[in-house]
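Undergrad: Please work out how this folds:
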Amino acid sequence: MGYIAPELYSRNFGAISYKSDVYSFGMLVLEMVSGRRNTDPTVENQNEFYFPEWIYERVINGQDLVLTMETTQGEKEMVRQLAIVALWCIQWNPKDRPSMTKVVNMLTGRLQNLQVPPKPFISSQNQLVI
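TA: All right, here's what the predicted structure looks like:
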């Protein structure tokens, strides 16, 4: 369930398009970088825990995302970059999500000054430059 783009639930979020797959890819990347599932049955109050918000707060506060293993500073930065790309992919409005071509460019480092996106779940005008 956690991989389905909002526009598949309601057309109020936008039209279904290839950007719906971008959303699913972003959620998968968030799971990979955090080592957690977006719907984790071990979390007691799932309703009080919104996985993308947990990731977003950790990214903007400079906290580590990987909680279970030791990582080098370079690996931590790579995980942070992956999380930022994934947060772009899960923007609620499909128009705000990048194309997969742009995602590949972000992942391969072809885009400089990758910015933290607005909160994907609440509209925000604040963007930070890494």
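Undergrad: going forward, measure contacts between C-alpha atoms and count neighbours the same way
TA: Will do.
Undergrad: any chance you could map the helices in this structure?
TA: Taking DSSP state H as the test, the helices found in the chain are 6-9, 19-34, 51-60, 73-89, 100-107.
Undergrad: Dump these to TSV, plus distance to residue 113 and mean pLDDT.
TA: Listed next are the helices of the chain as TSV, based on distance: least, Cα to Cα, whole Å; pLDDT from 0 to 100:
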stretch	distance to residue 113	mean pLDDT
helix 6-9	28	83
helix 19-34	19	91
helix 51-60	15	86
helix 73-89	11	89
helix 100-107	10	93
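Undergrad: With respect to residue 116, which of the ones you listed lies nearest?
TA: Across these, residue 116 has its closest neighbour in helix 73-89 (5.8 Å, Cα to Cα).
Undergrad: Can you point out the buried residues in that closest one?
TA: By 16 or more other Cα atoms under 10 Å, the buried positions in helix 73-89 come out as 76, 79-89.
Undergrad: Out of these, which comes closest to residue 17?
TA: So of those, ranked by how close each gets to residue 17 (Cα to Cα), first place is residue 89, at 13.3 Å.
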